[in-house]
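Undergrad: please find the sequence and the predicted model below.
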Amino acid sequence: MKYCYQCGRVTAGKPLYCNSCGRSYNVKLCPRKHANPRSAEVCSECGSRDLSTPQPRVPVNIRLMALLLSLFPGGLLVAVSLLIAIVLIHELLSNPQWLLALVPLVIAVAVLAWIWSELPLWFRNLVRRLLRRKRKDGHE
Ligand SMILES: [Zn+2]
Ligand SMILES: [Zn+2]
C-alpha cells in the first residue's frame, strides 16, 4: 500500500504507479519499469527518454500549508488562537465538569474583587487615624 503525495490517494499492494493520477512514487520509471533517480533525464539501463513523472517529495497539502504560513504568519496566529478559543468554549459547553472546576476560580476572583473594593475604605480609615493622632500631637 502506498500513499500518493500528489493526489492524496492510497494504492493497494506494492504499486509502481498511483492508481488515481498515474505518478510513480519516488523514482522515474521508463516503459520497461527500470527505476531511475528523480534527476534522471534518460533511463540508465535502456536509454529511453520516456520517463514517468514522480510524485512530489512532500505532500501537496503540507506544501500549501507551508506557503500560507510564510505568506500570513500573523493571520494564521489569529486564526489558530480563534480556533483554540472556539474549541475551549465548545468543551466548556459540552462538558459541565469544566464548569465545576471553574467554580473555585470564580470564587477566588470574587474574593479578590471584594478585597480590592474594600481596600480604599481601609486605607481611608488608616489615614483618618493618622490625622487624628497628628491633631492630638498639635494640641499637646
Ligand atoms: Zn496519485
Ligand atoms: Zn529503461
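TA: Noted; the coordinates are in hand. Residues are numbered from 1 along each chain as shown. Ligands and ions are numbered 1, 2, ... in the order given.

Undergrad: and what about the residue nearest in space to the middle of the chain, helix, strand or coil?
TA: The centroid of the chain falls nearest to residue 80 when counting by C-alpha atoms, centre = their mean (5.7 Å). Secondary structure assignment for residue 80 (DSSP: H, G, I helix; E, B strand; the rest coil): helix.

Undergrad: tell me how far it lies from ligand 2.
TA: According to C-beta to the ion, to the nearest Å, residue 80 and ligand 2 sit 48 Å apart. Backbone N, C-alpha and C define where each C-beta goes, glycine included.

Undergrad: now do the same contact list for that residue.
TA: By C-beta atoms under 8 Å, 6 or more residues apart in numbering, the contact set of residue 80 is empty.

Undergrad: any idea how far ligand 1 is from it?
TA: Distance, residue 80 to ligand 1, by C-beta to the ion: 30 Å.

Undergrad: bridged to the closest residue to residue 54 other than its chain neighbours, which residues?
TA: When the adjacent residues along the chain are set aside, residue 54 lies closest to residue 24, with 5.1 Å between them (C-beta to C-beta, 6 or more residues apart in numbering). Judged by DSSP bridges, the bridge partners of residue 24 are residue 17, residue 54.
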